[in-house]
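Trainee: Here you go, sequence then predicted model.
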Amino acid sequence: MDGIVVAFDVIQAIGLIGALAIMTTAFYQSPSIRRLPTWYMILGSSATYSLSRLLLAMAHGQAGPEPKFSLCLVQSALIYSSPIWLLAATFAFALQFHLTLLYYVQQYTGKIHRDNKWLPISTPHIVQRNPEQFYCHFTNLIGVSCVSIFSVVFAIGSVVCEFKSGMLLYRHWKPKNDFFNQSNGQVSINVMIRLASFSFLSISSVATCVVYLLPITNFKIFMVYNAFLANVGILVLGLNLSIIRMWIFWKRKPVADGGTAV
């Protein structure tokens, strides 16, 4: 098997295992590691993102004869829907972080006020293993087009929320430690930086969909680049000192007050 294909599979596997391990740690130790609900949504969508690209490898279908149509259909659907879910989750987290920040700077009350014919299943050639043998995909441009359109919408929403949150934190720089303590670690500069970094990596990863519209015959390097960015983002957002300490001192009794960063 091609070494680049193996590298792609390893990166995706690390991302999947990392996301699940971080979520499990945070959930198991939830009294001492507090997270916004949408944080779990991002980690879950990241795990699905990685898993969707591993299905063909798990079925030993990256080499040899063309894999089963049913497997290709499922993977193709996940390949193009998971990036949309990932950026939608990123937008949801950015929005919740912004509203939480507004609440602690006393500019928000905590409430929001009011002021099958589509699936060509009868044409098996619609999905197949891609020429690079990484995974199954749609043979037409509908998948790439949907990912591009929805991703742009959610990416803009995320960037707007993050920009507004950053400006709020800048204007309320002195009491930032008070916000951290009052929110039990859910609002902090550290979270803001990691969220912005995750958004940048996710947007950069999904943006490679544009490459598939270009007259290029070898996409292997772009696919590995895409996998690397997406899975580094999982570690950037999910890992912090509270998670690392929990792994190192797993059997140690959690601290009673448990004020830790998101």
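Mentor: That came in fine, so what should we check first?
Trainee: in this structure, which spans are helices?
Mentor: Secondary structure of the chain by DSSP state H: the helices cover 3-28, 37-52, 55-58, 69-104, 142-171, 176-182, 189-206, 220-238, 241-248.
Trainee: quick one: buried residues of stretch 194-201?
Mentor: 194-196, 198-201 (16 or more other C-beta atoms under 10 Å). All C-beta spots, glycine's among them, are computed from the backbone N, C-alpha and C.
Trainee: for it, what is the average pLDDT?
Mentor: Stretch 194-201 shows a mean pLDDT of 86.
Trainee: Number the residues from 19 up from this point.
Mentor: That works, and once the first residue is 19, the last one we named lands at stretch 212-219.
Trainee: Report pLDDT for the residue nearest to Leu186 when sequence neighbours are not counted.
Mentor: By the measure of C-beta to C-beta, 6 or more residues apart in numbering, the closest residue to Leu186 outside its immediate chain neighbours is Leu119, 5.5 Å from it. You'll see Leu119 listed with a pLDDT of 81.
Trainee: Leu119 and Met210, how far apart?
Mentor: 8 Å (C-beta to C-beta, to the nearest Å).
Trainee: Mind listing the shared neighbours of those two?
Mentor: 183, 187 (C-beta atoms under 8 Å, 6 or more residues apart in numbering).
Trainee: Looking at those two, which one has more neighbours?
Mentor: Using other C-beta atoms under 10 Å as the criterion, Leu119 and Met210 rank with Leu119 on top: 26 against 22.
Trainee: circling back to that earlier point, can I get the helices of the chain in TSV with distance to Cys154?
Mentor: Below are these laid out as TSV (distance: least, C-beta to C-beta, whole Å):
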stretch	distance to Cys154
helix 21-46	14
helix 55-70	10
helix 73-76	6
helix 87-122	4
helix 160-189	11
helix 194-200	45
helix 207-224	19
helix 238-256	13
helix 259-266	34
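Trainee: The ones you listed: lowest mean pLDDT?
Mentor: helix 259-266 (a mean of 74).
Trainee: Let me know the angle separating that one from helix 207-224.
Mentor: 90 degrees (axes from the mean of the first three to the mean of the last three C-alpha atoms, to 10 degrees).
Trainee: Now do helix 259-266: distance to the chain's middle.
Mentor: Put simply, helix 259-266 sits 21 Å off its chain's centre (C-alpha atoms, centre = their mean, to the nearest Å).
Trainee: what helices or strands is that helix leaning on?
Mentor: helix 21-46 (3 or more C-beta pairs under 8 Å, 6 or more residues apart in numbering; DSSP states H and E).
Trainee: Apart from its neighbours in sequence, what residue is nearest Ala77?
Mentor: Closest to Ala77 by C-beta to C-beta, 6+ apart is Leu89, at 5.7 Å.
Trainee: hang on, isn't that neighbour packed against Gly79?
Mentor: Yes - the pair Leu89 / Gly79 is scored as a contact, 6.5 Å apart, by C-beta atoms under 8 Å.
Trainee: quick one, which of the two is more surrounded?
Mentor: Counting neighbours by other C-beta under 10 Å for Leu89 and for Gly79 shows that Gly79 has the greater number, 20 against 17.
Trainee: Spit out the contact partners of that one.
Mentor: Contacts of Gly79 (C-beta under 8 Å, 6+ apart): 85-86, 89, 147.
Trainee: Quick check: the gap between it and Asn199.
Mentor: 52 Å.
Trainee: next one: Lys182
Mentor: From Lys182 to Asn199 the distance is 23 Å (C-beta to C-beta).
Trainee: Nearest residue to Gly251 in space, please, no chain neighbours.
Mentor: Nearest to Gly251 is Leu219, by C-beta to C-beta, 6+ apart, at 3.7 Å.
Trainee: which residues does that neighbour contact?
Mentor: Counting by C-beta under 8 Å, 6+ apart, Leu219 has contacts 247-248, 250-251, 254.
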